[in-house]
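Visitor: Give me a model of this one.
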Amino acid sequence: MGGDAGPSVIVDGALVAARHLQVGLLLVGDAPAIEAELARHPVASLFRRIDVRIVHAPDHVAMSENASLALRRKPRASIKIAAEAVRDGAADALFSAGHTGASVMAAHAAFGLLPGVDRPALATIVPTRRAPAVLLDAGATVECRPPHLVQFAVMGSAYARVALGLERPRVGLLSIGEEASKGNDLTREAHRLLKDAPITFIGNIEGRDVYAGEADVIVCDGFTGNVTLKVSEGLVETIEALLHDELAATFGGRVGYVLSRQAFRRFRRRVDYSEYGGAPLVGLNGLCIVGHGRSSAKAVANAVTMAVRAVHEDLLGRLSRGIAEAGAPHIAHPTSHLEHS
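Guide: Numbering: from 1, shown residues only. Below you'll find the model as predicted:
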């Protein structure tokens with residue numbers, strides 16, 4: 001029921017992935033609305049090949065609602081029922097394109113944290129000039145302490161080995177300068193701790209270096225990461241619009257566009273968030289993929305594919321082993337609540 005387009009693109013994208021990968025689906029939400037979306041698909045060919053089940057949820061968390069209040073007031077919200085289905089073994093992984101905060105809180109309550117982890121993080125794939133990189137946290141934990149960033153670095157390294165096939169991912173700390181003395185108290189202390197962490201730490205990187213490809217894993221607090229991601233998405237859309245306007249302004253520009261269409265298509269694929277579909281919520285004792293609110297059917301299909309791959313490649317076990325081997329700093333008395341974007 002989440003996302004800007006409601007259940008339509010969620011159902012469409014999930015069915016595409018399920019047909020291609022031959023996996024089952026639990027579609028959690030308002031049953032009549034889901035049935036109406038399924039009715040648009042050829043039922044006979046669909047249900048012979050894949051197992052699609054509807055789990056009715058009378059409520060859902062709207063994007064405008066406060067996550068914690070909504071989950072308390074709506075104990076049968078779709079995101080809560082979906083997370084509990086994974087916890088109880090009815091499904092192997094959770095995908096949501098709905099309210100990020102509600103998704104994080106519901107998954108956290110249902111799954112709990114991996115041993116040695118104090119806060120979860122959203123690990124999103126971002127394009128760079130060299131190769132894709134992992135940025136975390138992208139919005140799960142807004143207020144962080146230095147040991148949290150070390151845990152993010154360890155989890156990001158483990159995820160980069162799985163998702164990007166990198167043996168020794170290079171980890172950079174996002175700050176306002178390359179020098180260790182630059183930044184605020186959080187980044188300065190995190191820099192000191194990261195130097196001794198069992199990862200390939202390359203030091204601070206500035207905002208202008210995020211997409212240069214110097215780092216394979218970029219670590220920051222959830223507030224900074226979410227702003228970085230949203231600014232980047234807006235910049236890509238602005239560049240595309242400006243480029244289109246300039247090329248359409250003259251006859252020569254239009255001819256040049258026609259000749260360069262393949263290059264523009266390749267550029268779009270490299271920077272399009274829907275190519276990856278979603279971001280895994282790492283640090284939890286369960287698999288959760290969080291999608292963009294503007295997710296298209298293509299993005300949903302890719303997110304479901306990401307979830308299936310995470311199950312097959314034992315992402316959860318590999319993250320757990322990576323954290324245990326690294327011995328990332330653990331906070332003895334973490335705060336009793338999480339704050340989410």
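
Visitor: can you pull out the strands in the stretch 151-300 of the chain?
Guide: Assigned by DSSP state E, counting those that start in this stretch, the strands in the stretch 151-300 of the chain fall at 170-174, 200-205, 217-219, 278-282, 288-291.

Visitor: Surely Leu166 touches Ala160?
Guide: Yes. Under the criterion of Cβ atoms under 8 Å, Leu166 makes contact with Ala160 at 5.0 Å. C-beta here means a position set from N, CA and C on the backbone, and glycine is covered the same way.

Visitor: neighbour count winner among those two?
Guide: Higher neighbour count among Leu166 and Ala160: Ala160, with 24 against 18, using other Cβ atoms under 10 Å.

Visitor: contacting residues for the closest residue to that one other than its chain neighbours?
Guide: Spatial nearest neighbour of Ala160, chain neighbours left out: Pro169 (3.9 Å); criterion: Cβ to Cβ, 6 or more residues apart in numbering. Counting by Cβ atoms under 8 Å, 6 or more residues apart in numbering, Pro169 makes contact with Val134, Gly156, Ser157, Ala160, Arg161, Ile199, Thr200, Asp216, Val217.

Visitor: which pair in those residues spans the largest distance?
Guide: Largest separation among the contacts of Pro169 by Cβ to Cβ: Val134 and Thr200, giving 13.2 Å.

Visitor: Distance of Gly112 relative to Asn285?
Guide: 5 Å (Cβ to Cβ, to the nearest Å).

Visitor: just to revisit the earlier point, what separates the residue nearest to Ala160 from Arg87, distance-wise?
Guide: From Pro169 over to Arg87 the distance is 30 Å, taken as Cβ to Cβ.

Visitor: circling back to that earlier point, give me the more crowded residue out of Gly112 and Asn285.
Guide: Between Gly112 and Asn285, counting by other Cβ under 10 Å, Asn285 is the more crowded of the two (17 against 13).

Visitor: dump the residue contacts of that one.
Guide: Phe111, Gly112, Leu113, Leu114, Leu316.

Visitor: hmm, which of the residues you listed are the buried ones?
Guide: Neighbour-count burial (16 or more other Cβ atoms under 10 Å) applied to the contacts of Asn285 gives Phe111, Leu114, Leu316.

Visitor: For the protein, which helix extends over the most residues?
Guide: helix 222-248 (DSSP state H).

Visitor: Which secondary structure elements does that helix sit against?
Guide: Contact here means 3 or more Cβ pairs under 8 Å, 6 or more residues apart in numbering; DSSP states H and E; on that basis helix 222-248 packs against strand 121-122, strand 124-126, strand 133-136, strand 170-174, helix 251-259.

Visitor: List just the nearest of the contacts of Pro169 to Gly177.
Guide: Val217 (19.2 Å).

Visitor: surely that closest one meets Leu174?
Guide: No. Taking Cβ under 8 Å as the contact criterion, Val217 and Leu174 are not neighbours in contact, 10.6 Å apart.

Visitor: sorry, back to before: turn the contacts of Pro169 into CSV, columns for distance to Thr124.
Guide: Output for those, formatted as CSV (distance: Cβ to Cβ, whole Å):
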residue, distance to Thr124
Val134, 7
Gly156, 10
Ser157, 15
Ala160, 12
Arg161, 16
Ile199, 19
Thr200, 20
Asp216, 13
Val217, 11
